[in-house]
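>>> one predicted model, sequence on top.
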Amino acid sequence: MMPLLIDIVSWALIAAGSAFVVIGAVGVVRMPDVYTRMHAASVSETLGAGLLVAGFILQAGFTLVTLKLLFILGLFFFTAPVVTHALAQAALHEDIEPVLSDDRRNDRATDTVAGQPEKTNARPSS
Amino acid sequence: MFVLATSAVLIALTLAVVRAIRGPTVFDRVLAGNTIGTFAILLLASVGFMTGRPEWLDIALTYGLLNLISTLAVLKFFRHGDLAYDIEEDGEP
Amino acid sequence: MRQLSLGVMLFAFWLILSGHYTPMLVGIGLAATVLCVFVTYRMNSVDEETHPNHLFLSTFTYYPWLIWEITKSAWAVSKVIVNPKLPISPTMTVVGASQSTPNGIATYANSITLTPGTITVGVRGNELTVHALVSEGADDLEEGVMDARVSRFERGV
């Protein structure tokens, strides 16, 4: 009885994870600019990968494999924000303007420099 | 069931490759490359389970670390045009 | 004290990844652990920023909350993606971080980036520039629920 229940739960987790991975990849293709594509990519990197790995853990039982899968999940959760932040910052630095329907940076920044796009730093033409 | 996971990850991988080919800016391509790396890790895990050889997870872990470092290195190269840059030319405090 | 816990964690990491428990391999792992701890001790690089021991217990309550937030916002972003009209309203905003330590601000910024639908684009002092996929995401961040939760996590509660 119990193995069957675990099988059903892990199959459901793997199916849901597969769905979210594909949805995230579809979003990467559909979205209009770099910044919005990052949002779509993070769906498949967090929820899709998390559900898939949770399903694999239930299939593996409690062995060393479980701990390795948890390490992979931890690797995703610690490196994904670092890469996304670096990518967004580099894109903004290269003056790639995001498509915006609402820009509240100048209203909300107390320090006037903080919210400005970094256009004022003219790069030396080398 | 692992066949479903593997095929889903393969479909997602194909879509990411489409974005890497079409992407107008270089950052789209870097993002697609990083996403491809993530999917490759998931693909390694699910193919390893499908063929009953979970040892592939070690390769997946190594690949994840390499993916992080290579993405950051490529980003740094495109931002500064160099992997060793002067702090002054950044223009920020 | 911090060196000791770092050593225990490194050795556990070795044992988990190796999976072979012959005396020689365990001995090599022990030697590698001692070498790593010695090098970091000489570099003076183990302090409460690089090895935040005091946050260990509060992770057990913070991570489940964060995972639930990620699930909710990933579901919302997925609905936006599969909608044929693609109803996005990208918003840039600035939110304040009420944390006092660099670790707290980094945790807040990374939590914002980790939840799908919001990305921290820049950090300057106590102000984070955030890009949100839909304007509701920016509204939620401006309310400051996550900010208060991360501040609680930072105090170790």
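Done, it's in.

>>> quick one: low-confidence parts of chain B?
Applying pLDDT under 70 to chain B flags the ranges B:82-83, B:85-93.

>>> can you show me the helices along it?
Remark: helices assigned in chain B by DSSP state H are B:2-22, B:26-50, B:56-80.

>>> of all the ones you listed, which one comes closest to C:G144?
Closest to C:G144 of the helices of chain B, according to C-beta to C-beta: helix B:26-50, at 29.3 Å. Bear in mind the C-beta positions are built from the backbone N, C-alpha and C, glycine included.

>>> which other helices and strands does that closest one contact?
When contacts are defined as 3 or more C-beta pairs under 8 Å, 6 or more residues apart in numbering or on different chains; DSSP states H and E, helix B:26-50 sits against helix A:2-30, helix A:34-43, helix A:49-60, helix A:64-93, helix B:2-22, helix B:56-80.

>>> report how many residues lie close to B:L61.
19 (other C-beta atoms under 10 Å in any protein chain shown).

>>> for chain C, give me its nearest residue in chain B.
Using C-beta to the nearest C-beta, the closest approach of chain B to chain C is made by B:D58 at 7.3 Å.

>>> ok, that residue touching C:L17?
Yes - using C-beta atoms under 8 Å, B:D58 is in contact with C:L17, at 7.3 Å.

>>> so what sits against both of those two?
Taking C-beta atoms under 8 Å, 6 or more residues apart in numbering or on different chains as the contact rule, the neighbours common to B:D58 and C:L17 are A:K68.

>>> tell me which of the helices of chain B sits most buried.
helix B:26-50 (a mean of 22; mean count of other C-beta atoms under 10 Å in any protein chain shown).

>>> ok now it, how far from the chain's centre?
Computed by C-alpha atoms, centre = their mean, to the nearest Å, the separation of helix B:26-50 from the middle of its chain amounts to 5 Å.

>>> what are the ranges of the strands in chain C?
Assignment of strands within chain C using DSSP state E yields the ranges C:91-96, C:118-124, C:127-132.

>>> tell me the strands beside the first one, with direction?
Using DSSP bridges, the strands paired with strand C:91-96 in its sheet are strand A:102-103 (parallel), strand C:127-132 (antiparallel).

>>> for that strand, the distance to its chain's centre please.
Going by C-alpha atoms, centre = their mean, where strand C:91-96 is centred and where its chain is centred differ by 20 Å.

>>> and that strand, which residues are buried?
C:91-95 (16 or more other C-beta atoms under 10 Å in any protein chain shown).

>>> same question, the last one
Neighbour-count burial for strand C:127-132 flags C:127-132 (criterion: 16+ other C-beta under 10 Å).

>>> tilt between it and helix A:64-93?
100 degrees (axes from the mean of the first three to the mean of the last three C-alpha atoms, to 10 degrees).
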